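In: requesting a structural model of the entry that follows:
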Amino acid sequence: MEKKNAIINSARILFARYGYNKTSVDEIARKSHIAKSTIYSYFRSKEDIFKEVIYQESRILYEEINNAICKESNPSEKLRAYVITKMKYLKKMVNYYSTLKDEYWEHYSFIEKIRRKSTREELKIVKAILKEGVSRGDFTIKDVNLTSFAIVTAVKGLEYQWAVDFEMSKIHKNIDYLLDVLFNGIKKR
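Out: Just a heads-up that it's a prediction; the model follows:
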């Protein structure tokens, strides 16, 4: 397991620095100080190594999101924690994030599976928060599924711009504004 982790950690660094196409198994072997033949005893291909890197990064992201949500006591703050934690970790997880945004990956079926799984996971998280808010009387929502979908879609639509172009302090301000619109609407009262 130690060798496998060394391979994955070296690959993560190389994929982040040079990208998937410009990283070779030879380079991963050199960086991890593990023979190329040994790498192939753990992984069938560079694609399999990349899949494992992405899987681990996505697992870390959703563990962090769940940890952040669990620290909050009310649904509004849980929703805020979800968005902030996601943005914070997307900035760190270059490989995972690049698979979610790059059009190049469209012909790799495993990337599409990762994208779908990511969306399902986020919908599940947001739906649970919204249901809690409805049951506590904090939110009035006619359709929790549709509202969850709208929130996740809005966040996904903003994540590239926020993760690439903004500092975390600006992201916090934008998230607060977005949540204010979500919770209070845009209609004059």
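
In: got the contact list for residue 158?
Out: 174, 178 (CB atoms under 8 Å, 6 or more residues apart in numbering). In this view, the C-beta of every residue, glycine as well, is placed from N, C-alpha and C.

In: how about residue 120?
Out: Under the criterion of CB under 8 Å, 6+ apart, the contact list for residue 120 is empty.

In: so for the helix or strand encompassing it, mean pLDDT?
Out: Assigned by DSSP states H and E, residue 120 falls within helix 109-136. For helix 109-136, the mean pLDDT works out to 89.

In: for the helix or strand just after that helix, what is the average pLDDT?
Out: As assigned by DSSP H and E, the chain's next helix or strand after helix 109-136 is helix 144-165. Helix 144-165 comes out with an average pLDDT of 83.

In: taking helix 109-136 as reference, get the angle to helix 144-165.
Out: With axes from the mean of the first three to the mean of the last three CA atoms, to 10 degrees defining the directions, helix 144-165 sits at 120 degrees from helix 109-136.

In: can you dump the C-alpha coordinates of helix 144-165 into PDB?
Out: C-alpha atoms of helix 144-165 as PDB (Å, rounded to 0.1, in the frame of the first residue of the first chain):
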ATOM      1  CA  VAL A 144     -36.900  20.500  -2.800                       C
ATOM      2  CA  ASN A 145     -35.600  18.400  -5.800                       C
ATOM      3  CA  LEU A 146     -35.900  21.400  -8.200                       C
ATOM      4  CA  THR A 147     -34.500  23.800  -5.700                       C
ATOM      5  CA  SER A 148     -31.500  21.500  -5.000                       C
ATOM      6  CA  PHE A 149     -30.900  21.200  -8.700                       C
ATOM      7  CA  ALA A 150     -31.100  25.000  -9.200                       C
ATOM      8  CA  ILE A 151     -28.600  25.600  -6.300                       C
ATOM      9  CA  VAL A 152     -26.100  23.000  -7.500                       C
ATOM     10  CA  THR A 153     -26.300  24.200 -11.100                       C
ATOM     11  CA  ALA A 154     -25.800  27.800 -10.000                       C
ATOM     12  CA  VAL A 155     -22.800  26.900  -7.900                       C
ATOM     13  CA  LYS A 156     -21.300  24.800 -10.700                       C
ATOM     14  CA  GLY A 157     -21.800  27.600 -13.100                       C
ATOM     15  CA  LEU A 158     -19.900  30.000 -10.900                       C
ATOM     16  CA  GLU A 159     -17.200  27.700  -9.700                       C
ATOM     17  CA  TYR A 160     -14.800  28.100 -12.600                       C
ATOM     18  CA  GLN A 161     -14.900  31.900 -12.400                       C
ATOM     19  CA  TRP A 162     -14.700  32.000  -8.600                       C
ATOM     20  CA  ALA A 163     -12.000  29.300  -8.300                       C
ATOM     21  CA  VAL A 164      -9.700  30.800 -11.000                       C
ATOM     22  CA  ASP A 165     -10.300  34.600 -10.800                       C
END
